[in-house]
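**Q** no letters, just coordinates:
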């Protein structure tokens, strides 16, 4: 297995291996195509209705703009990101009627997570909805380095595909049903921002407070943004729904759960998962179905099963030994639901009544279909795990006893292992593995890599297969550093290797971007020492003068594996994760390997990738690196299949690099707006004299890969940058001035003095098109005589730092001299005529 070989020789040196061509690459859809498709979506013609059947829709009174754009008040102890997020939603994205619901006190918390803040906003159209959601995700990724998950957002490729299918279906049927749910008009996007930083002044939760609910206790705050069109928001009334849930959750009910005499008329409200959680995209469906693997987690609330206050009901175990489980009348009346049972079980567990819970579930299993056939066991195991993960770290460690072989030293362990079947089912094995991983994650020294190795052997003998995500969690638990400066022994790596071999033997596809990128992130955490580059290491041409820190041997081998493996293209998200990982750890050779993957595969790079790359380099605050990156990659933006414009997030990223290069450049540009035309003329006249700027073959040589001095480069960049810089000896302003003086002397008194006058033949300010075409044709002639005299195959993959370079030097010298001479003459003509444009 390929990935296994990455770890089999970890004691060997990781450096000095030849970099091989990159395989995976992401392909970005055309933003203009997306906008066009979205416009067509909004502008679809409605079916013709006779005038006598037309009914005018009721019109609402227009509202004042300031009222629609009013920001909600911040809740108590808001996270630092909340105020900028509200500003972004209202001012930059244009969402109206923003509202905020603070669900941090909701217990049990919603399935979206504990400590939840939920924002609501109205978009003005379907197009506005998707564009705003996409830009919000990009802003969160670029500004706060978060990984938001937008459910209901149609990707560019998905939107094109659905529009195309709908059009074909309409042609076949002769008409289209505008009222059907075609999966395009979602009207609703749920953006899960993720866990954000808590406010510094927020009070800590008391350690003795009991906690009941989904997931583990967390100090972070989760933010979810519900973005809806006006019609969808009125239809769903999500604020009203969540407001009601929050009010019921905070009520203190003195009556007993089974005492119905003093209650108002029972009203049974059925709440669907899609109403509570948002549009059922992949991530939210995972949250809805996470617990359904063992038992459906019904999101229903019944007035006959009122929520009890944990604070008022927590007593000692002797006082709570008679905690009221649902009575027999509940079974008869049908009022019993699995949510009520789960609540009773969690309360009893938190009170320490482990034996009572097990006895109760055994008795109830015959009358509850979901608990039949021994299904009460995985149900109880999951509740025990939820309870453990909700505890403070030190208390959870005490519950876990002496180690993974300990089964009786605590009431928790005794209950857990007594509940396990003699032959555990798959769901029981998953819970057992999750418990071990959690123990390792909270640094319980009794749950070591050796213990995990033994547990995996037992798992293999049982024949049970686990999902890929759980195997990756095991891999992380084994290699996770237990303390600062922690050093793994070889057995730990053998155990991690065994995990990968087990995944492969069970038929799990290891060659997926999700698994490979996650493995690389885990290996980076295994070696968490983010070493600063050696000050003596000034970088190389290969790293664009970014000082490089070598990878660990396992990371280096996995990086090489990702370069050579034959698999589908990586997505933009996967490439950005790798770029971010490598930039954080100063692995700049690997960073540029990932970045060069697009042209090596003949695939375009998106505007988002360019923006991300420029931002990563700007954060180094390295003037030489920013200078070289701007000079090297800005020209390539025009050479993409879909040219990348210097605007939006790309423009801001380029500005960040320019501020590093020259902190005064932005101010000077803003104060002198008349210089824009001059810069265009200089850029145009210079570019037109480079032979490959006038050649369409292989996108101007951009897809012809060669090497120069052992460094991979495409032919276009070779003529643009590498060969001229070698000829001059550098790329600084002083180098350029020296070269200009040499060429000026050659024109005035040297090799070019007798032919310089002919360079201006036919140049006419009144006919710039003819003039520029004659210069382009002149430069293009060198493609056949010098650039590719023997065709593409003669240079493809070859080292050109030799005879080829020597033959190119005279042409480079001549074309640069012509460009400078003609530029000066053209600017003189402009000055003499008084024109301000080309």
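**A** Perfect, I can see it now. From a predicted model like this one, the values you see are computed outputs, not experimental measurements.

**Q** pull out the buried residues from the lengthiest helix in the chain.
**A** Using DSSP state H to define each element, the chain has its longest helix at helix 803-833. Buried residues in helix 803-833, counting neighbours by 16 or more other CB atoms under 10 Å, are found at 804-805, 808, 811-823, 825-826, 830. C-betas here are computed from N, CA, C, even on glycine.

**Q** do the same with stretch 699-712
**A** Neighbour-count burial for stretch 699-712, counted by 16+ other CB under 10 Å, picks out 699-706, 708, 712.

**Q** equivalent analysis for stretch 447-460, please.
**A** By neighbour count on 16+ other CB under 10 Å, the buried set for stretch 447-460 is 447-449, 451-453, 455-456, 459.

**Q** how about TSV for these, with secondary structure, pLDDT and distance to residue 492 added?
**A** Supplementary listing: the buried residues of stretch 447-460 in TSV, determined by DSSP: H, G, I helix; E, B strand; the rest coil; pLDDT from 0 to 100; distance: CB to CB, whole Å:
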residue	secondary structure	pLDDT	distance to residue 492
447	coil	86	13
448	coil	81	9
449	helix	78	4
451	helix	82	12
452	helix	82	9
453	helix	77	9
455	helix	84	14
456	helix	80	13
459	helix	82	18
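
**Q** so what pLDDT did the residue nearest to residue 762 when sequence neighbours are not counted get?
**A** With CB to CB, 6 or more residues apart in numbering as the measure, residue 774 is the residue that lies nearest to residue 762, at 5.6 Å, once sequence neighbours are left out. Each residue has a pLDDT score; the one for residue 774 is 88.

**Q** where does pLDDT dip in the stretch 1-150 of the chain?
**A** Within the stretch 1-150 of the chain, the segments meeting pLDDT under 70 span 1-66.

**Q** before we move on, the earlier item: taking the buried residues of stretch 699-712, tell me the two that lie furthest apart.
**A** By the measure CB to CB, these have their two most distant members at 699 and 708, which lie 18.7 Å apart.

**Q** re the thing from before, farthest pair within the buried residues of stretch 447-460?
**A** Farthest-apart pair in the buried residues of stretch 447-460 is 448 and 459; separation 16.6 Å (CB to CB).

**Q** mind listing what residue 707 touches?
**A** For residue 707, the residues meeting the contact criterion (CB atoms under 8 Å, 6 or more residues apart in numbering) are 713, 797-801.

**Q** among those, who's most crowded?
**A** When neighbours are counted as other CB atoms under 10 Å, the busiest of the contacts of residue 707 turns out to be residue 713, with 22 neighbours.

**Q** so where does that residue fall, helix or strand?
**A** In the assignment (DSSP states H and E), residue 713 maps to strand 711-714.

**Q** what element comes up after that strand heading to the C-terminus?
**A** From strand 711-714 onward toward the C-terminus, using DSSP H and E, the following helix or strand is helix 715-717.

**Q** pLDDT of that next one, averaged?
**A** For helix 715-717, the mean per-residue pLDDT is 87.

**Q** in that helix, what counts as buried?
**A** Burial within helix 715-717, assessed by neighbour count using 16+ other CB under 10 Å, is assigned to 715-717.

**Q** residues near the nearest residue to residue 617 once chain neighbours are set aside, how many?
**A** In space, not counting the residues next to it along the chain, residue 617 is nearest to residue 629; the distance is 4.9 Å by CB to CB, 6+ apart. The number of residues packed around residue 629, counting by other CB under 10 Å, is 26.

**Q** now the strands for the stretch 601-750 of the chain?
**A** Along the stretch 601-750 of the chain, the segments classed as strands by DSSP state E, counting those that start in this stretch run 705-708, 711-714.

**Q** now do the chain
**A** Counting by DSSP state E, one finds strands in the chain at the ranges 96-103, 116-123, 149-151, 188-196, 221-229, 268-270, 300-302, 705-708, 711-714.

**Q** and those strands as a markdown table, adding distance to residue 496?
**A** Conversion of those to a markdown table gives the following (distance: least, CB to CB, whole Å):
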| stretch | distance to residue 496 |
| --- | --- |
| strand 96-103 | 39 |
| strand 116-123 | 35 |
| strand 149-151 | 28 |
| strand 188-196 | 27 |
| strand 221-229 | 31 |
| strand 268-270 | 47 |
| strand 300-302 | 43 |
| strand 705-708 | 35 |
| strand 711-714 | 32 |
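
**Q** closest to residue 644 out of those strands?
**A** Ranking the strands of the chain by proximity to residue 644 (CB to CB) places strand 711-714 first, at 16.6 Å.

**Q** partner strands of that closest one, with direction?
**A** Strand 711-714 sits in its sheet next to strand 705-708 (antiparallel), going by DSSP bridges.

**Q** rewinding a little: hang on, the residue nearest to residue 762 packs against residue 759?
**A** No - under the criterion of CB atoms under 8 Å, residue 774 is not in contact with residue 759, lying 10.8 Å apart.

**Q** and those two? which has more neighbours close in?
**A** Comparing residue 774 with residue 759 by neighbour count (other CB under 10 Å), the higher total belongs to residue 759, at 19 against 12.

**Q** surely residue 114 touches residue 221?
**A** No - using CB under 8 Å, residue 114 makes no contact with residue 221, being 9.1 Å away.
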